[in-house]
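Trainee: Just to be clear, the model below is a prediction. Sequence and coordinates:
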Amino acid sequence: MEFLGTTQVASYCGSRKSCLFPDLPPTSTTKDTYQSYYLPGYRHLCSWRPSLLHKVVSVPPDSDNQFNPSGRPPTILPALRSSLHARYSPRDWHHATAAQLRGSEASRYCAGRMNTDSMRLMQDKDQLTYQMQEDSKRNLGQRMSNIDFWRSELIYELESLLKETQALETAKKRLECAVDELQGPLKVALECLYYREKRKEIDLVHDDVEKNLIKEVDVFKECQEILTKLAQKIGQQLEINRDAQHALEQDLADKTSAHFIDEKCFNLRNTSDSIAFYHGVEKIDGTISVPATWAKFSEDNIRNAQHARANSVKLREDAEVALETTSEEMWNQYVSTNLAFNHRIAEVADAKNKLQAQLAKILQEIFQTEDTIMLLERSIKAKEYPLKVAQTRLVGRTNRPNMELCRDAPQLQLVTEVYTIDDTLQTLKRRLQEARDTLQMLMVNKSKLEHDISVKANSFFIDRKCMDMRKVFPSPPRLIGYT
């Protein structure tokens, strides 16, 4: 049967010969190359005429014959009559039916034989299967007893190791707490050193306070290093303990899992819901041990855990001694530094008080000098008007006519008066300048004193600030790791 709608000129749809209909030449080159398939007798469903002896054909354009206007198809030629016959004959139909019946009978017979043989085989294997299940169940029970023994041994050693590990972790936490407690005093000591660098000029002295602070920082760092190294050793031992604990827990978990699996396998029945087929599982050998190596593995884990516990006890004793030693050393150095601070604060305060007393005297002299300068300025201002009067008189007397310009007594007196007043002004101005220079000198001394006092006040404030920061220091119990 050809596909409906396929073109006859395509390369994959070559010409095919029908078993019932002969090949007919195409009636046209384009439109009629697509042929539709119709069952015999159903080509013209809407026509009242039977389609057995009629067919619509396309007439070439150059043909002399034209279609009947009434639309009646032409009569099919006798040469095309064979294309309307059925594909198979009645003989073929009867032969196919008989062959189908014979095949069905043979299949039924084979199925019956197979069912009979299967029943016999199941009956033969039932007894063997039951015996194998009983043997496997007995072996699983014995294996579960062995697992229970080693589980009890592992649980006892694991509990002992956990207690020792917890005690060792407590010792490590004490060391870490002691190191953390030292961070505060160490930070304070370093801040005091850096803060005292803000002292100015002459007060930047390498005094006993600075020496004790440097020593205190060194002592704190040395104690921190000792405790940190010991904590690292304990950390390494804890890793060993955890490895041993992990080995015990893993072994215990494996044995628990194996016990659970074996118990589950022991309780399996033919009516259980969890059974299934796993084809080829009997060919896979996934075992990695034998009973001897299996028991030795657990014994080695227990021996390693005992060795780890012995090392943990020794490290805890070393940690206790180190905490006591470092605590005493740090406390003694802290007290020594505080004594040096108190002595230095007293010295700075005494020097500051002396400078403040001297500053008060300088301020008194500055006040008196300023009053003198004010009086001198007033005196100079007062001498200017008499000088103006005398000079104005002299200028006025120069306007006398002719012989009246006489160098008489008034003229001589006016000249003498001008010279005297001018000399007086010069003397007063010199004294005013001296007073101003003195005032400037006093102001310079005042500035120096104030600056020196501010330097001392800054040093005093810094040392007091350092003492305030040093008020908080860990107590001896905290220095040995107790919180």
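Mentor: In hand now; what should we look at? Residues are numbered from 1 along each chain as shown.

Trainee: which regions of this protein lie under the pLDDT threshold?
Mentor: Filtered on pLDDT under 70, the chain yields the residue ranges 1-86, 404, 474-483.

Trainee: contacting residues for Asn212?
Mentor: Asn212 makes contact with 333, 336-337, 340, according to Cβ atoms under 8 Å, 6 or more residues apart in numbering. C-beta: built from backbone N, CA, C; applies to glycine.

Trainee: So which elements touch the strand or helix carrying Trp150?
Mentor: Using DSSP states H and E, Trp150 sits in helix 90-196. On a contact count with 3 or more Cβ pairs under 8 Å, 6 or more residues apart in numbering; DSSP states H and E, helix 90-196 meets helix 208-266, helix 291-397, helix 409-469, helix 476-479.

Trainee: residues near the closest residue to Gly141 other than its chain neighbours, how many?
Mentor: Closest residue to Gly141 apart from its sequence neighbours, by Cβ to Cβ, 6 or more residues apart in numbering: Phe266 at 6.2 Å. Residue neighbour count, defined by other Cβ atoms under 10 Å, stands at 16 for Phe266.

Trainee: cool, Glu191 as well?
Mentor: Close neighbours of Glu191, defined as other Cβ under 10 Å, add up to 15.

Trainee: repeat for Ser459
Mentor: Neighbourhood size, Ser459 [other Cβ under 10 Å]: 26.

Trainee: do the same with Trp331
Mentor: Neighbourhood size, Trp331 [other Cβ under 10 Å]: 15.

Trainee: now do Asp273
Mentor: 5.

Trainee: Am I right that it falls within a strand?
Mentor: No: if the criterion is DSSP: H, G, I helix; E, B strand; the rest coil, then Asp273 is coil and not within a strand.

Trainee: next one: phi and psi at it?
Mentor: The phi/psi pair for Asp273 (degrees, to the nearest 10) reads phi -80, psi -20.

Trainee: Let me see the backbone angles for Arg407.
Mentor: Main-chain dihedrals, Arg407, degrees, to the nearest 10: phi -80, psi 80.

Trainee: Distance check, it against Ser454.
Mentor: Noted for Arg407: a distance of 67 Å to Ser454, by Cβ to Cβ, to the nearest Å.

Trainee: Who has more neighbours out of the two?
Mentor: Neighbour count, other Cβ under 10 Å: between Arg407 and Ser454, Ser454 has more, with 13 against 8.

Trainee: I'd like to know how far that one sits from Asn332.
Mentor: 36 Å.

Trainee: same question, Val281
Mentor: For Val281 relative to Asn332 (Cβ to Cβ), the value is 75 Å.

Trainee: Same question for Leu204.
Mentor: On the measure of Cβ to Cβ, Leu204 and Asn332 end up 28 Å apart.

Trainee: who's more crowded, these two?
Mentor: Higher neighbour count among Leu204 and Asn332: Leu204, with 14 against 11, using other Cβ under 10 Å.

Trainee: which residues sit in contact with that one?
Mentor: Neighbour list for Leu204: Glu197 [criterion: Cβ under 8 Å, 6+ apart].

Trainee: Spatially, which residue comes closest to Glu210, not counting chain neighbours?
Mentor: Per Cβ to Cβ, 6+ apart, closest to Glu210 is Arg196, 6.6 Å.

Trainee: so the one you found sits right up against Arg464, yeah?
Mentor: No: Arg196 is beyond contact range of Arg464, at 11.7 Å (criterion: Cβ atoms under 8 Å).

Trainee: Looking at these two, which one has more neighbours?
Mentor: Using other Cβ under 10 Å as the criterion, Arg196 and Arg464 rank with Arg196 on top: 21 against 14.

Trainee: Please report how far Lys172 lies from Ser459.
Mentor: Distance from Lys172 to Ser459, by Cβ to Cβ: 44 Å.

Trainee: Likewise for Asn304?
Mentor: According to Cβ to Cβ, Asn304 stands 63 Å off from Ser459.

Trainee: Next: Ala382.
Mentor: Applying Cβ to Cβ, the value for Ala382 to Ser459 is 51 Å.

Trainee: do the same with Arg431
Mentor: For Arg431, the distance to Ser459 (Cβ to Cβ) stands at 42 Å.

Trainee: now Ser336
Mentor: Applying Cβ to Cβ to Ser336 and Ser459 gives a distance of 21 Å.

Trainee: Measure how buried Gln236 is and give me the count.
Mentor: For Gln236, the neighbour count with other Cβ under 10 Å is 12.

Trainee: re the thing from before, can you pull the contacts of the residue nearest to Gly141?
Mentor: Contacts of Phe266 by Cβ under 8 Å, 6+ apart are 137, 140-141, 144.

Trainee: Format these as JSON lines; extra columns: distance to Arg309 and neighbour count.
Mentor: Formatted as JSON lines, the contacts of Phe266 follow (distance: Cβ to Cβ, whole Å; neighbours: other Cβ atoms under 10 Å):
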{"residue": "Lys137", "distance to Arg309": "40", "neighbour count": "13"}
{"residue": "Leu140", "distance to Arg309": "35", "neighbour count": "17"}
{"residue": "Gly141", "distance to Arg309": "35", "neighbour count": "12"}
{"residue": "Met144", "distance to Arg309": "30", "neighbour count": "16"}
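
Trainee: Nearest to Gln411 among the residues you listed?
Mentor: Of all the contacts of Phe266, Gln411 sits closest to Met144, with 151.9 Å by Cβ to Cβ.

Trainee: That closest one against Lys264, yeah?
Mentor: No: Met144 lies out of contact with Lys264 (Cβ under 8 Å); the separation is 10.8 Å.

Trainee: quick one: Glu450 and Leu359 touch, right?
Mentor: Yes: assessed by Cβ under 8 Å, Glu450 is found in contact with Leu359 at 6.5 Å.

Trainee: what's Cys466 in contact with, if anything?
Mentor: Applying Cβ under 8 Å, 6+ apart, we find Cys466 in contact with 191-192, 195-196, 341.

Trainee: which among those gets closest to Leu387?
Mentor: For the contacts of Cys466, the nearest to Leu387 is Arg196 (63.3 Å; Cβ to Cβ).

Trainee: Is Tyr88 within a helix or a strand, and which one?
Mentor: For Tyr88, there is no enclosing helix or strand under DSSP H and E.

Trainee: Burial check on Val188, number of neighbours?
Mentor: Neighbours of Val188 (other Cβ under 10 Å): 21.

Trainee: For burial, what's the neighbour tally of the closest residue to it other than its chain neighbours?
Mentor: Excluding its sequence neighbours, the residue lying closest to Val188 (Cβ to Cβ, 6+ apart) is Met469, at 5.0 Å. Here the count is done by other Cβ under 10 Å, and Met469 has 16 residues near it.

Trainee: so Met469 sits right up against Leu193, yeah?
Mentor: No: judged on Cβ under 8 Å, Met469 makes no contact with Leu193 at a distance of 11.6 Å.

Trainee: Which neighbours do these two have in common?
Mentor: Common neighbours of Met469 and Leu193 (Cβ under 8 Å, 6+ apart) do not exist.

Trainee: related to what we said a few turns ago, the residue nearest to Gly141 and Leu158, how far apart?
Mentor: Counting by Cβ to Cβ, the gap from Phe266 to Leu158 is 26 Å.
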